[in-house]
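A.B. asks: Pasting a predicted model and its sequence here:
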Amino acid sequence: MNIQQFRYVSEVARRNLNVSEAAHALHTSQPGVSKQIRGLEEELGAAIFVRQGRRFTALTDAGREIVAAADRILAEISNLKAVGEEFAHHAKGSLAVGVTHTQARYALPPVVTAFKKRFPDVKLKLLQGNPHQLAKMVLGGEADLAIATEALAEYPELVTLPCYRWHHCVVVPSRHPLAKVKPLTLEAIAAYPIVTYDSTFAGRNSVDRSFAARGLAPEVALTALDSDVIKSYVALGLGVGIISARAFRKGKDEGLVALDCAHLFPMQTTRLAYKRGAYLRNYTVEFIRLFAPHVRGADLKQLESDAGENFSI
């Protein structure tokens with residue numbers, strides 16, 4: 001058996017048993033992947049995948065254990081490489097961070113600026129996606145870290161760190177009738193079409209639940225992944241915007257005003273996540289500390305051991 005076989009088995013399992021997708025991701029051929037997997041099965045004396053013709057349809061009982069073991073082996077090999085690189089090239093390497101648009105646009109710029117000043121020889125790559133996609137990027141080794149408000153804490157294979165809390169705000173044109181409603185109510189907001197985030201982003205589910213709890217079902221005129229897109233359509237009069245308060249720039253979002261609605265929607269927590277058991281390079285720890293200044297190295301060890309259950313902002 002060899003490392004290549006472990007990679008092929010792991011990738012096929014991660015790609016929902018799609019050998020073609022796995023081969024493409026591994027830059028090899030589909031017959032080559034199938035051949036290597038058959039070789040591993042023959043050596044282990046156990047089938048890893050249930051087959052229907054040439055297709056894989058499920059993992060066998062043995063296959064689930066084998067894939068888990070292969071993932072552990074590959075993770076430790078990755079850690080060994082990271083340890084070697086840490087001591088051979090202390091401040092050189094690469095760091096891939098999966099982020100949502102709001103994080104990339106509004107939360108990360110000062111962090112990235114400070115990080116690049118400290119580590120000019122580290123190649124920093126920002127990958128965008130929805131929170132579930134970001135979690136899978138980290139689990140699949142495409143990203144070292146993920147930053148999002150939704151979903152990350154749902155994956156037990158990830159260590160998640162609460163970084164900061166925030167509220168939503170309502171955004172309207174400066175002369176909109178809602179700007180005069182005090183105190184702002186859910187009923188008043190629901191009287192207008194809503195422009196807000198896609199259901200997988202930025203606390204959208206909690207916004208929906210808040211309306212539902214009051215028996216309200218506002219018309220959602222448009223959803224987007226991007227706070228700037230939402231503000232643009234609010235400015236065009238398409239509806240009332242509900243966005244992260246961090247995404248509103250007073251004095252820069254011309255013609256718009258942000259209305260406080262902290263009393264209407266639950267507070268949200270943005271989290272940072274990395275793969276459980278991963279070796280964190282020195283510069284990775286520094287990036288985490290820049291994004292979440294309240295974190296210490298000891299906190300990261302605590303999170304690794306107890307899944308962060310006792311850690312707070």
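C.D. replies: Here it is on my side, so go on. Residues are numbered from 1 along each chain as shown.

A.B. asks: okay, CA-based contacts and neighbour counts for the rest of this
C.D. replies: OK.

A.B. asks: hey, where'd the strands end up in the chain?
C.D. replies: All strands of the chain, identified by DSSP state E, fall at 49-52, 55-59, 93-99, 122-128, 145-148, 158-166, 168-173, 194-197, 220-224, 240-244, 256-260, 268-275.

A.B. asks: Can you list the buried residues in the top helix by length along the chain?
C.D. replies: In the chain, with assignment by DSSP state H, the single longest helix is helix 61-88. For helix 61-88, burial by neighbour count (16 or more other C-alpha atoms under 10 Å) applies to Gly63, Ile66, Val67, Ala70, Asp71, Leu74, Ala75, Asn79, Ala82, Val83, Glu86.

A.B. asks: Would you mind giving those as a markdown table with distance to Glu21 and pLDDT added?
C.D. replies: Formatted as a markdown table, these follow (distance: C-alpha to C-alpha, whole Å; pLDDT from 0 to 100):
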| residue | distance to Glu21 | pLDDT |
| --- | --- | --- |
| Gly63 | 19 | 89 |
| Ile66 | 20 | 92 |
| Val67 | 17 | 88 |
| Ala70 | 19 | 86 |
| Asp71 | 18 | 82 |
| Leu74 | 19 | 78 |
| Ala75 | 21 | 78 |
| Asn79 | 26 | 71 |
| Ala82 | 27 | 68 |
| Val83 | 31 | 71 |
| Glu86 | 32 | 64 |
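
A.B. asks: Between all of these, which two are separated the most?
C.D. replies: Gly63 and Glu86 (34.1 Å; C-alpha to C-alpha).

A.B. asks: thinking again about what came up before, for Leu184, find the nearest of the strands of the chain.
C.D. replies: strand 256-260 (7.8 Å).

A.B. asks: Relative to the closest one, what are the paired strands and their orientations?
C.D. replies: strand 168-173 (antiparallel) (DSSP bridges).

A.B. asks: Next, the angle from the partner strand to strand 240-244.
C.D. replies: 140 degrees (axes from the mean of the first three to the mean of the last three C-alpha atoms, to 10 degrees).

A.B. asks: I'd like the mean pLDDT over strand 168-173, please.
C.D. replies: Taken as a whole, strand 168-173 carries a mean pLDDT of 95.
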